[in-house]
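*Asks:* how does the following fold in three dimensions:
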Amino acid sequence: MIAPVNLLLVAALAGVLALCVLGSLARSGMAGIKEAICANLLTLLAFGAFAFQATGAPLFLSVILANTAVALALCAYYAGLCRLVGRPVPRHFMALASGATLLVLAAYTYIEPRIGARMVAMSALMTGFMLAIAVTVGHGMPMNRSRYSYHFVRVVAFVSAVVCAARAVVYLLGIAAPQALLLPTAWNIAFMTLGVLTMPCLTLGTIMIIHDRMLADREQEANTDFLTGLMSRKAWWLQAERYCAQALRTRRPLAMLLLDIDHFKRINDTHGHAAGDAVLRHFGLLATATLRTGDHVGRVGGEEFAVLFPDLRSDAVMEVAGRLLDSVRRTPCSHGGSTISYTFSAGVANWIPGESLQAFFERADRKLYTAKARGRNGIVGPGGDADRQLLPTAA
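*Replies:* Alright, predicted model coming up:
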């Protein structure tokens, strides 16, 4: 049977490895990393202080300091987890629970020395923190990403809560005689084997959550146009291909609006490139406010934008595009104390079942160039034998 001191050594080595990984992630700036590092350092301090029980060290070192480090480690880890998943940190509640537990611990160390009572008090505190961790990480689960790492932390926290609660019940009801932590009794070995691995396992789960968040951030950066906040060309194209495949399966209509801001080079030359960027951002805001939530809009070129309309045909899209064009005309862009008026030209096309996205895009692009050839500031869509053009209403 492995000795408790050896268990502490194994857990300490696991904690050092966890610290090395956390240290490599510290520069990412992800919320919760500093708290996780602090929690592991405090846990290592606690293990070292507990180990002094075998040397007959003063109780202040081997009991009070050791358990204070455990309480602070729990507070640090839970605070970091709350920040990581975007939940408020209950600092006052954590301080109250930890402070009350440590006062009880001190009383049963110096006033009425009772090992069992100390074990029950600390086990109750750890049970409460583990349950709080399980609940908090459950509330912070993402909607559209893998939840494996979150479930891992929940399971570790719940198992630890069960172990701590069982430890409290065993010593509270006198099922086993309380012994000093490092005595190699069956109960001590059983509880320590599960207990000392809690923080390394929680840290492993936290590292997985941090990694998942970092991947999500990188994907968001890659899929979002940094200037307008709309979808990037690559992300729009990939999603559009999925829309086409879905329309082929369901036989539902699908239409595309392809538009280009008129005389954008003139805007840059007259007002400067910063003003041109402001116009692009301004259009992105108007498009987001005017289009439906399910309409798939992205920036596919310098001043070119594409919108895919699931379940709509060109007639309905022409009306939506007309509202957007009127909104652009009536809401000029303000930049640097000046007002920049602009318009756009657009083409609308219906998807033909079985048609590739490239061919679909090119047909909408030809409509767009027809709108430009007819004087810009208008929208051209399919209309039987001849293209139909929609001009903006008078302001």
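
*Asks:* just the strands in the protein please.
*Replies:* Here the chain has its strands, by DSSP state E, at 254-261, 296-299, 304-310, 333-335, 338-340, 344-350, 379-381, 388-390.

*Asks:* tell me which of those strands sits nearest to residue 237.
*Replies:* Checking those against residue 237 by CB to CB gives strand 296-299 as the closest, at 8.0 Å. C-beta here means a position set from N, CA and C on the backbone, and glycine is covered the same way.

*Asks:* which stretches of this protein have low pLDDT?
*Replies:* 1-8, 10, 53-56, 176-196, 383-395 (pLDDT under 70).

*Asks:* how is this protein divided into domains?
*Replies:* Dividing the chain into domains by automatic domain parsing, as the record does, gives the ranges 4-222, 233-390.

*Asks:* circling back: could I get the strands of the chain as a markdown table with mean neighbour count?
*Replies:* Putting the strands of the chain into a markdown table (neighbours: other CB atoms under 10 Å) gives the following:
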| stretch | mean neighbour count |
| --- | --- |
| strand 254-261 | 26 |
| strand 296-299 | 23 |
| strand 304-310 | 24 |
| strand 333-335 | 17 |
| strand 338-340 | 12 |
| strand 344-350 | 26 |
| strand 379-381 | 26 |
| strand 388-390 | 16 |
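
*Asks:* compare the ones you listed and give me the one nearest residue 79.
*Replies:* strand 296-299 (38.9 Å).

*Asks:* quick one: residues contacting residue 208.
*Replies:* Going by CB atoms under 8 Å, 6 or more residues apart in numbering, residue 208 touches 148, 149, 152.

*Asks:* how much space separates it from residue 84?
*Replies:* Between residue 208 and residue 84 the distance is 11 Å, computed by CB to CB, to the nearest Å.

*Asks:* what does residue 228 give?
*Replies:* Residue 228 is 29 Å from residue 84, by CB to CB.

*Asks:* cool, residue 293 as well?
*Replies:* Going from residue 293 to residue 84 by CB to CB gives 28 Å.

*Asks:* who has more neighbours out of those two?
*Replies:* Using other CB atoms under 10 Å as the criterion, residue 293 and residue 84 rank with residue 84 on top: 21 against 5.

*Asks:* touching, the more buried one and residue 28? I think so.
*Replies:* No - between residue 84 and residue 28 there is no contact under CB atoms under 8 Å: 11.8 Å.

*Asks:* check the contact lists of these two and give me the overlap.
*Replies:* Among the neighbours of residue 84, those also in contact with residue 28 (CB under 8 Å, 6+ apart) are residue 210.
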